[in-house]
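Undergrad: what's the 3D shape of this:
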Amino acid sequence: MRDLVLAVHGSAVPEAGETVARLADAVERLTGAPVAVAHLDHQKPSLPYVLADRPGAVVVPLLLGDGYHRTVDIPSVAQHFDCAVTRGLSGEPGVGLALYDRLRAAERAAGGPADAVLVAGAGSSRPGGNDGTLHAVDHLEHLLPVPVAAAYCSATGPTAPPVAEAVDALHARGFRRIAVAAHLLAPGRFTQALAALPDVWAVSAPLADHPRVAGAVAKRYERYATGDAGAAAGTAPGAQPDRRMRTPAGRPVAVAGAQR
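TA: Presented below is the predicted three-dimensional model:
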């Protein structure tokens, strides 16, 4: 059985490692495969260090967007150790359902449903790097009766509004219960910044230790481990979601700085 390596950003926040460890345990139970965690930033062990002991492993990028790490960094390291690299989690339906569950839990804790939702992604300047967040917006639009829009913890230009500005824009439009759905995998500086936002109704918890994320990782691994190395489950490459906020009736709503 091929080893499974989770390639994660890493974080200086101790809770991040604990969250990813819970995910690794869940994936190991689902697949029966040996699971190791390798870090791209901040923490050790590094990806080259882990793969050196596991040549031929299947690397699953624990990433919600197809930015630099997913498209350049991880494949360039993996090829030196004859390792397969699956798709990341961008566009994965299970991630959308996990995000919905986390959002609903945050709303219940706050005392009721929001009247508008911002999906807060990390933010990427690389083409396609924000598509995972945009797909998550599309997913929530089909599940929620309120407007949904994307915003970013690290703004990357005029079409990628920072979360604080997007919250202010929604307040200016008359929304009062604005929830932030954290399209983030583990605790870190971005989740801390979201928790500190003023005038926000609810902020959801990160996603990595949700059972649906473990299921998505296991599915990607199994397709490579059994020789079916076609595209992992999710939205087909090149699919472009509609990036505007929409009302429950499906009409676009302008949000300052929102993607067009």
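
Undergrad: low pLDDT regions in the protein?
TA: Low-confidence regions of the chain, defined here as pLDDT under 70, cover residues 42, 155-159, 227-260.

Undergrad: residue furthest from the geometric center of it?
TA: Relative to the mean C-alpha coordinate of the chain, counting by Cα atoms, centre = their mean, the farthest residue is Gly174 (28.6 Å).

Undergrad: And what about that one, helix, strand or coil?
TA: At Gly174, secondary structure determined by DSSP: H, G, I helix; E, B strand; the rest coil is coil.

Undergrad: oh, and call the first residue 384 from now on, that's how I've got it
TA: Understood, numbering begins at 384; the last thing we discussed is Gly557.

Undergrad: What are the phi and psi values at it?
TA: Taking degrees, to the nearest 10, you get phi 100, psi 0 for the backbone angles of Gly557.

Undergrad: now do Val403
TA: As for Val403, its main-chain torsions (degrees, to the nearest 10) stand at phi -70, psi -30.

Undergrad: Do I have it right that it meets Val391?
TA: Yes - applying Cβ atoms under 8 Å, one finds Val403 in contact with Val391, separated by 5.5 Å. (C-beta placed from N, C-alpha, C; glycine too.)

Undergrad: In terms of neighbours, single out the busier of the two.
TA: For Val403 versus Val391, neighbours defined as other Cβ atoms under 10 Å are more numerous around Val391 (28 against 24).

Undergrad: Tell me how far the nearest residue to the more buried one once chain neighbours are set aside lies from Arg412.
TA: Nearest in space to Val391, with sequence neighbours left out and distances taken as Cβ to Cβ, 6 or more residues apart in numbering, is Leu445 at 4.5 Å. Distance, Leu445 to Arg412, by Cβ to Cβ, to the nearest Å: 17 Å.

Undergrad: Can you list the buried residues in stretch 422-435?
TA: 422-423, 426, 430, 433-434 (16 or more other Cβ atoms under 10 Å).

Undergrad: with those residues in mind, which one is nearest to Ala534?
TA: Distance to Ala534 across the buried residues of stretch 422-435 (Cβ to Cβ) is lowest for Leu423, with 23.9 Å.

Undergrad: Many thanks, I have nothing further to ask.
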